[in-house]
Structures are given as structure tokens and as C-alpha cells.
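Participant: Need coordinates for the following:
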Amino acid sequence: MIEHETCENIIQTYYKEIYSYCFAKLSYKQHPAEDCTQEVFVIFFSKHEKLSSTDNIRLWLYRTADNVMKAYIRKNFGHEVSIEDNPEVYNIPAESSFPDDSAEDPFEVLTEDEKKLLEAYYDTDYGQRSAAAKKMGISLAAMYQRVHKIKKKLRKDHDN
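Facilitator: Predicted structure coming up:
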């Protein structure tokens with residue numbers, strides 16, 4: 001059984017991280033991410049007495065977040081979506097869609113720092129992104145926001 005004080009500490013510790021995860025998975029939409037994050041912690045608080053320890057609480061929160069987001073998507077969009085089968089991508093066409101005669105690198109519009117950020121982001125799993133962000137001197141939320149801006153930049157450059 002997890003004590004009430006421990007629950008509050010867990011919420012304080014993981015709320016922003018779970019929100020950032022939901023925010024990224026729900027196409028950087030603030031309100032759905034807020035709704036799903038709140039639902040995760042409502043479920044956590046309602047089940048905290050049944051949970052035996054805090055050892056795997058972070059994993060439990062991420063699994064709950066995945067289930068909450070799936071339910072949210074089904075409810076609001078009426079179709080089944082598998083979050084596990086929907087990896088984040090750059091949202092730009094594959095290299096094969098660029099003309100063969102074009103020797104342009106689509107990433108040449110990025111600064112070295114932006115390239116390093118993308119590399120750190122895509123070379124780490126969700127659980128390790130917090131450490132990668134910290135290593136770069138930014139928060140996890142800032143990392144997600146910067147990656148989102150970089151994706152927009154790549155899309156904008158490709159459309160021109």
C-alpha cells in the first residue's frame with residue numbers, strides 16, 4: 001500500500017514528465033495532453049492503496065498513460081489507434097520522395113545544435129529522454145518543444 005504522502009510526492013515528481021509524454025504522443029495538443037495526464041493521476045490516486053510499492057511506479061504511470069491516451073483517441077476519434085505501433089517520425093516525406101537529381105540534404109537547414117538535439121531525441125527511449133535532455137542542459141518539456149519546432153522547420157523548408 002502506498003501512503004497518501006507518498007502519493008503526493010509521486011504526483012509532484014512525475015506529473016510534468018507524464019504530461020510531456022502525453023503532449024508529444026497527442027500531436028503536441030495542450031488540452032488533450034492535460035486531460036489525459038489528469039486522468040492518469042486520478043486513476044493512480046484511486047488505485048494507490050492497491051499498489052504494493054513504488055519500485056515500478058514510473059513504468060506503471062507510462063502504461064496507464066498509454067491506456068488513457070488510447071481510450072481518449074477511441075472516444076474522440078472513433079477508431080482504434082495503437083500507440084506502440086505509431087512511432088514518432090519527422091512528418092516529412094521519406095528521402096525517396098525527393099527528386100533523384102537533387103543532391104540537397106533536407107537536414108542542411110538545421111543548425112548543428114538542432115541536429116544534435118534530434119540525434120539525442122531519436123537515439124533514446126522515452127524513459128531515457130529525461131537524462132538526454134538533462135545532459136543537454138534543458139528540461140524534458142523543452143526538448144519536446146524544440147523537437148516539435150525542428151519538425152515544423154523541416155516541413156516548412158520541404159514545402160518551399
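Participant: domain assignment for the chain?
Facilitator: 4-77, 95-159 (automatic domain parsing).
Participant: Identify, out of the ones you listed, the most deeply packed stretch.
Facilitator: domain 4-77 (a mean of 16; mean count of other Cβ atoms under 10 Å). (C-beta placed from N, C-alpha, C; glycine too.)
Participant: Break down the chain into its helices, ranges please.
Facilitator: Here the chain has its helices, by DSSP state H, at 4-25, 30-47, 57-77, 112-122, 126-135, 140-159.
Participant: Any idea which of those gets closest to P106?
Facilitator: Smallest distance to P106 across the helices of the chain (Cβ to Cβ): 6.2 Å, for helix 140-159.
Participant: Quick one: list the elements packing against the closest one.
Facilitator: On a contact count with 3 or more Cβ pairs under 8 Å, 6 or more residues apart in numbering; DSSP states H and E, helix 140-159 meets helix 4-25, helix 112-122, helix 126-135.
Participant: Helix 140-159 and the second one, what's the angle between them?
Facilitator: Angle between the axes of helix 112-122 and helix 140-159 is 110 degrees (criterion: axes from the mean of the first three to the mean of the last three Cα atoms, to 10 degrees).
Participant: Check the shortest one too.
Facilitator: Compare the direction of helix 126-135 with that of helix 140-159 by the same axes, to 10 degrees and you get 90 degrees.
Participant: Could you list the residues in contact with helix 126-135?
Facilitator: E17, Y21, R58, Y62, A120, Y121, D123, T124, S139, L140, A142, M143 (Cβ atoms under 8 Å, 6 or more residues apart in numbering).
Participant: what do you get for the second one?
Facilitator: Outside of helix 112-122, the residues that reach it under the criterion Cβ under 8 Å, 6+ apart are F107, L110, R129, A132, A133, K135, M136, M143, R146, V147, I150, K153.
Participant: So what's the predicted local confidence for the nearest residue in space to the first one that is not next to it in sequence?
Facilitator: Here the nearest residue to F107 in space, its sequence neighbours aside, is K115; by Cβ to Cβ, 6 or more residues apart in numbering that works out to 6.4 Å. Note for K115: predicted pLDDT of 85.
Participant: Please convert the contacts of helix 126-135 to a markdown table, extending it with distance to I43 and pLDDT.
Facilitator: Converted to a markdown table, these look like this (distance: Cβ to Cβ, whole Å; pLDDT from 0 to 100):
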| residue | distance to I43 | pLDDT |
| --- | --- | --- |
| E17 | 16 | 94 |
| Y21 | 15 | 93 |
| R58 | 15 | 90 |
| Y62 | 13 | 93 |
| A120 | 31 | 81 |
| Y121 | 28 | 77 |
| D123 | 31 | 72 |
| T124 | 27 | 70 |
| S139 | 25 | 84 |
| L140 | 22 | 79 |
| A142 | 27 | 81 |
| M143 | 26 | 83 |
